[in-house]
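In: Here's my sequence, what's the structure:
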Amino acid sequence: MNEPLSTPLPSELRDLSTLPQLFAYRCTSSPAREAYRWFDAGSNAWQSFSWGDMQAKVALWGQALQGLQLVRGARIATLLTNSVHAICIDQAGMAQACATVPLHANDNPGNIAFILADAGASLLLINRLETWQQIAATGTPLPALRCVVIDDPQQAAISVPTDNEGLPRLVRLQDWLAEAQASAAPAPSSQGPEAQDMAAIVYTSGTTGKPKGVMLSHQNVLSDVKAVLGRVVPTQDDVFLSFLPVSHTFERSCGYYLPMAVASTVVYARSVALLAEDMLSIRPTILVSVPRIYERIYAKVQEKLAKSAFKRALFAAAVSKGWARHCEAHGLVNTDAPQGGWARWLPWSLLQKKVAQPILDLFGGRLRIAVTGGAPIPSMVSHSFLGLGLNMLQGFGMTETSPVLTANSLERNDPSTVGKPLDGMEVRIGENKELQARGPNIMMGYWGRPEDTRLAFTDDGWLRTGDQAELVNGEVRIVGRIKEIIVTATGEKVPPSDIEQALCADPLFEQSFVVGEQQPFIACIAVVNREEWKQLAQGLGLDPDNAVSLQASAVRKAALARIAAQCQGLAKYAVPRAVYLVTEPWNIDNGLMTPTLKLRRPQLMQKFAAEIANIYAK
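Out: Down below sits the predicted model:
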């Protein structure tokens with residue numbers, strides 16, 4: 001079981017060295033196959049595009065770009081939702097040796113303006129004129145920006161003030177493309193990129209400060225895609241359901257370039273709010289997601305189970321028996337005692353049909369691979385879904401590694417680890433248990449930040465991941481985060497993310513934020529689920545609409561009991577001993593989460609400074 005997990009790379013992909021070569025190869029090899037499916041709000045219908053369609057579209061976008069006469073290496077910023085248009089500008093730009101700067105469509109105007117200025121973007125593709133106006137209103141100087149293309153079919157003709165000197169040209173996408181088509185300009189003739197040229201500058205989330213631009217070359221990204229194909233091989237019959245923003249490196253590599261390499265179909269979900277409906281109608285075979293989606297589905301299941309002891313027993317038995325089967329198939333040691341009481345005597349065939357399959361049907365019924373990454377997934381969630389028969393594969397990486405560095409496989413899937421390094425990549429454990437890496441997928445550096453780049457690497461050239469890990473039989477087990485370790489007044493070191501993940505497995509808690517630096521014990525702030533809160537409050541004879549009820553002693557006692565139940569696997573000193581409950585969610589709009597849905601810890605500390613001080617004053 002400890003041999004390297006790899007699959008030989010198809011010969012036709014082995015020699016490709018740039019992303020435009022990958023696109024051209026796919027379009028010429030599979031012109032009639034469906035490449036993308038996209039819901040068109042204007043016609044209220046799904047539209048399908050073949051690889052031949054995409055080749056023609058990208059050629060037209062290339063002509064439009066040619067009219068701007070951008071220099072080699074120019075930066076093209078994109079602020080678009082997942083769509084065929086995001087693919088077109090990315091491919092057309094890279095074919096002319098430009099670098100894409102993908103922006104998060106849900107980011108705030110100030111952050112976007114900072115990135116546009118920092119990257120020196122020459123062109124911006126944006127989905128609404130109003131969004132551009134909000135960016136411009138920040139007053140951030142953007143001297144390099146020459147043109148802003150508005151991708152909004154509902155947008156009327158854009159009137160540009162006569163006194164427009166020094167400002168970028170504003171033009172609707174349909175007009176920009178029509179101009180290119182009417183000009184009959186020749187196809188782009190500039191030399192395409194080399195393997196070492198920059199393909200993209202992807203900005204990190206900025207959880208603790210201003211975002212940094214990670215420079216990724218064509219070799220970085222393509223080597224990562226090839227390495228993933230050595231571990232997990234999609235096929236041309238697979239259907240990916242894409243909903244993570246294509247501005248996220250995880251989605252770019254695993255939900256965009258990876259399916260392109262094997263001619264899979266990518267369907268763009270209408271929205272996260274409609275994801276459950278889209279899974280039932282699209283019936284994907286591969287889902288690439290961050291843990292939060294799986295956590296939400298798990299929490300919904302737990303909500304329903306809470307109403308019936310009979311169903312809880314069936315669920316526990318199904319997970320227990322299924323997990324035992326998974327352990328046997330993957331050479332894992334099962335230390336769990338049988339669960340489910342009387343139901344554990346039922347045969348797996350019955351539990352699979354009556355319990356597991358109805359839950360798997362929530363994903364559409366034919367999901368063969370569920371990829372999770374971008375953040376750790378709570379062990380209870382992964383354990384349960386694997387027990388129910390969902391092939392949930394966990395990996396590890398970061399924007400700086402293009403991004404996948406390690407991954408489990410269908411043949412060897414231990415959810416307590418993030419798998420072995422992909423082919424061609426090396427990892428080691430450095431000082432303070434830090435996981436360090438090197439390989440062809442490691443970034444070129446941070447844009448315009450030589451000192452930050454220097455600090456990101458060891459003296460002998462290994463990337464510092466900032467994560468603490470262990471190597472067990474070649475597999476990587478993440479044990480903490482160096483920069484996010486809470487050191488209590490008693491000297492105990494506590495990784496807050498482990499506790500936060502554990503708490504959110506309880507349907508009462510939508511979000512949680514753990515504190516305790518230099519304090520005598522761990523505490524947390526938690527956002528409650530409104531429906532669960534209503535049931536809890538009414539059960540305690542309290543008014544759920546009265547904010548005072550949240551801080552009632554009976555509520556705190558009940559919340560702490562649920563917290564203790566979720567933290568059974570943690571050291572006693574890591575279990576929160578105080579909690580402050582709130583109903584207002586933390587999101588991007590209120591500045592408490594990053595565009596990739598990570599907590600902004602300094603901002604949360606500031607917002608709840610008084611409440612935290614009160615917790616410890618007591």
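In: low-scoring pLDDT stretches of this protein, where are they?
Out: Scanning the chain for pLDDT under 70 picks out the ranges 1-7, 159-165, 184-190, 205-209, 490-491, 618.
In: now the strands for the stretch 451-600 of the chain?
Out: Secondary structure of the stretch 451-600 of the chain (DSSP state E, counting those that start in this stretch): strands located at 463-472, 475-481, 486-487, 493-494, 509-515, 523-528, 578-582.
In: And whichever strand or helix holds residue 214, what's buried?
Out: According to DSSP states H and E, residue 214 maps onto strand 213-217. Buried positions in strand 213-217, judged by neighbour count with 16 or more other CB atoms under 10 Å: 213, 214, 215, 216, 217. All C-beta spots, glycine's among them, are computed from the backbone N, C-alpha and C.
In: List the contacts of that strand.
Out: Outside strand 213-217, the residues that touch it by CB atoms under 8 Å, 6 or more residues apart in numbering are 101, 115, 118-119, 195-204, 249, 399-400, 402, 443-449.
In: Make a markdown table from the strands of the stretch 451-600 of the chain and add mean neighbour count and distance to residue 24 to it.
Out: Below are the strands of the stretch 451-600 of the chain laid out as a markdown table (neighbours: other CB atoms under 10 Å; distance: least, CB to CB, whole Å):
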| stretch | mean neighbour count | distance to residue 24 |
| --- | --- | --- |
| strand 463-472 | 18 | 31 |
| strand 475-481 | 18 | 35 |
| strand 486-487 | 16 | 50 |
| strand 493-494 | 17 | 51 |
| strand 509-515 | 23 | 44 |
| strand 523-528 | 22 | 47 |
| strand 578-582 | 20 | 52 |
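In: Of all these, which one comes closest to residue 300?
Out: Evaluated over those, closeness to residue 300 peaks at strand 509-515, with 12.3 Å, by CB to CB.
In: I'd like to know which elements the closest one is packed against.
Out: Helices and strands touching strand 509-515, by 3 or more CB pairs under 8 Å, 6 or more residues apart in numbering; DSSP states H and E, are helix 496-503, strand 523-528, helix 601-607.
In: Would you map the helices across the stretch 1-150 of the chain?
Out: Taking DSSP state H, counting those that start in this stretch, the helices of the stretch 1-150 of the chain run over residues 11-14, 19-29, 51-66, 84-95, 109-119, 129-136.
In: Pick the most deeply packed of these.
Out: Stretch with highest mean neighbour count among the helices of the stretch 1-150 of the chain: helix 84-95 (a mean of 24; mean count of other CB atoms under 10 Å).
In: That helix versus helix 51-66: what angle between them?
Out: When axes from the mean of the first three to the mean of the last three CA atoms, to 10 degrees is applied, the directions of helix 84-95 and helix 51-66 differ by 60 degrees.
In: Using PDB, write down the CA coordinates of helix 84-95.
Out: Written as PDB, here are the backbone C-alpha positions of helix 84-95 (Å, rounded to 0.1, in the frame of the first residue of the first chain):
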ATOM      1  CA  VAL A  84     -17.700  30.800 -21.200                       C
ATOM      2  CA  HIS A  85     -16.600  34.500 -21.500                       C
ATOM      3  CA  ALA A  86     -14.100  34.000 -18.600                       C
ATOM      4  CA  ILE A  87     -12.600  31.100 -20.600                       C
ATOM      5  CA  CYS A  88     -12.500  33.100 -23.800                       C
ATOM      6  CA  ILE A  89     -10.600  36.100 -22.400                       C
ATOM      7  CA  ASP A  90      -8.200  33.800 -20.500                       C
ATOM      8  CA  GLN A  91      -7.300  31.800 -23.600                       C
ATOM      9  CA  ALA A  92      -7.200  34.700 -26.000                       C
ATOM     10  CA  GLY A  93      -5.000  36.700 -23.600                       C
ATOM     11  CA  MET A  94      -2.600  33.800 -22.900                       C
ATOM     12  CA  ALA A  95      -2.300  33.100 -26.700                       C
END
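In: Any idea how far that helix is from the middle of the chain?
Out: Its chain's C-alpha centre and that of helix 84-95 lie 21 Å apart, by CA atoms, centre = their mean, to the nearest Å.
In: Report the inter-axis angle for it versus helix 19-29.
Out: Using the same axes, to 10 degrees: helix 84-95 against helix 19-29 is 120 degrees.
In: elements contacting helix 84-95?
Out: Based on contacts counted as 3+ CB pairs under 8 Å, 6+ apart, the elements that helix 84-95 packs against are helix 19-29, strand 34-40, helix 51-66, strand 75-79, strand 99-102.
In: I'd like to know which of the ones you listed lies nearest to residue 155.
Out: Across those, residue 155 has its closest neighbour in strand 75-79 (14.4 Å, CB to CB).
In: Name the strands paired with the closest one and say parallel or antiparallel.
Out: Strand pairing for strand 75-79, using DSSP bridges, gives strand 99-102 (parallel), strand 123-126 (parallel).
In: quick one: which of the ones you listed is nearest residue 175?
Out: Of the strands paired with strand 75-79, nearest to residue 175 by CB to CB is strand 123-126, at 13.5 Å.
In: you'd agree residue 501 is up against residue 294?
Out: No: with contact defined as CB atoms under 8 Å, residue 501 and residue 294 do not form a contacting pair (11.4 Å).
In: Please enumerate the shared neighbours of those two.
Out: Counting by CB under 8 Å, 6+ apart, the shared contacts of residue 501 and residue 294 are residue 377.
In: Chain neighbours aside, what residue packs nearest to residue 241?
Out: Distances taken as CB to CB, 6 or more residues apart in numbering place residue 284 nearest to residue 241, at 3.7 Å, with adjacent residues excluded.
In: what's near enough to touch that neighbour?
Out: The neighbourhood of residue 284, defined by CB under 8 Å, 6+ apart, consists of 239, 240, 241, 267, 363, 364, 366, 367.
In: switch to 10 Å and redo it
Out: Contact analysis of residue 284 by CB atoms under 10 Å, 6 or more residues apart in numbering lists 238-242, 265-267, 269, 278, 363-370.
In: Looking at the residues you listed, which are in strands?
Out: 239, 240, 241, 242, 265, 266, 267, 369, 370 (DSSP state E).
In: ok, so what distance separates the second one from residue 402?
Out: If I follow you right, that is residue 240. Going from residue 240 to residue 402 by CB to CB, to the nearest Å gives 19 Å.
In: if you count what's nearby, which of those two comes out ahead?
Out: Higher neighbour count among residue 240 and residue 402: residue 402, with 32 against 26, using other CB atoms under 10 Å.
In: isn't the more buried one right next to residue 424, touching?
Out: No: the pair residue 402 / residue 424 is not scored as a contact, 11.7 Å apart, by CB atoms under 10 Å.
In: Identify the contacts common to these two.
Out: Common neighbours of residue 402 and residue 424, counting by CB under 10 Å, 6+ apart, are 223, 224, 227, 439, 440, 441.
In: Walking through the stretch 501-618 of the chain, point out its helices one by one.
Out: Assignment of helices within the stretch 501-618 of the chain using DSSP H, counting those that start in this stretch yields the ranges 530-539, 553-566, 601-607, 609-617.
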